[in-house]
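# for reference, the sequence and a predicted model appear below.
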Amino acid sequence: MISLRNVLAADLEQLLIIENTGFSKDEAATKEAFIQRIKLIPDTFIVAEQGGSIFGYINGPIIAQPYITDDLFKEISENPKRGGYQSILGLAVSREARGQGIAKLLIEKMEELAVKNGREGITLTCKHELISFYERFGFVNHGISESQHGGVSWYNLLKLRESMHCR
């Protein structure tokens, strides 16, 4: 049975393995970025685990604006208690655990946290081939992002609070 919990510092090595198999070298978060996220935003850094093994995670800081900017991949700050937009900087599932609904569980948990903490919505960027995946969860494509992260084209996807199921 998969369980969800907040990230711990001890999770770092397992998280980096999943990150580096899920994203290209240019797109993957650095070890330093992960350390900063674990330290500053453990409340919105959720891991999916079973028997001590991590199979996936979702993370991102609360931001004031509805779209992700590239500076967030390098520098974040602690989350405010209420308001803002829940960003998703990373959502990844280990290769061996894909297709088991883990990403869905992680997105639903982030929605639950967003509603509970009065966030305006959830925002993320994704590559073109993942737009339909996120649309299945109610995210709306807002077009090409200004993000140049990893040297690829990204799309802004947004899900506003009123369209979240767990109100």
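Alright, I've got the coordinates.
# going forward, measure contacts between C-alpha atoms and count neighbours the same way
Noted.
# how many other residues sit next to Gln36?
Applying other Cα atoms under 10 Å, we find 17 residues neighbouring Gln36.
# which SSE is it in?
Applying DSSP states H and E as the criterion places Gln36 in helix 31-40.
# and if you look at Tyr134?
Going by DSSP H and E, Tyr134 is part of helix 131-135.
# who's in contact with that helix?
The contact list for helix 131-135 (Cα atoms under 8 Å, 6 or more residues apart in numbering) reads Asn141, Tyr155, Leu157.
# show me what the helix holding Gln36 is packed up against.
Applying 3 or more Cα pairs under 8 Å, 6 or more residues apart in numbering; DSSP states H and E, we find helix 31-40 packed against helix 12-22.
# quick check: mean pLDDT of the helix it packs on?
For helix 12-22, mean pLDDT is 95.
# any weak-confidence spans in this structure?
165-167 (pLDDT under 70).
# ok, the residue nearest to Lys104 when sequence neighbours are not counted to Ala28 distance?
Excluding the flanking residues, the one nearest Lys104 by Cα to Cα, 6 or more residues apart in numbering is Phe137, at 7.9 Å. Applying Cα to Cα, to the nearest Å, the value for Phe137 to Ala28 is 23 Å.
# which one's more surrounded, these two?
When Phe137 and Ala28 are compared for neighbours, Ala28 comes out ahead with 19 against 15, by other Cα under 10 Å.
# so where does that one fall, helix or strand?
Using DSSP H and E, Ala28 is not contained in any helix or strand.
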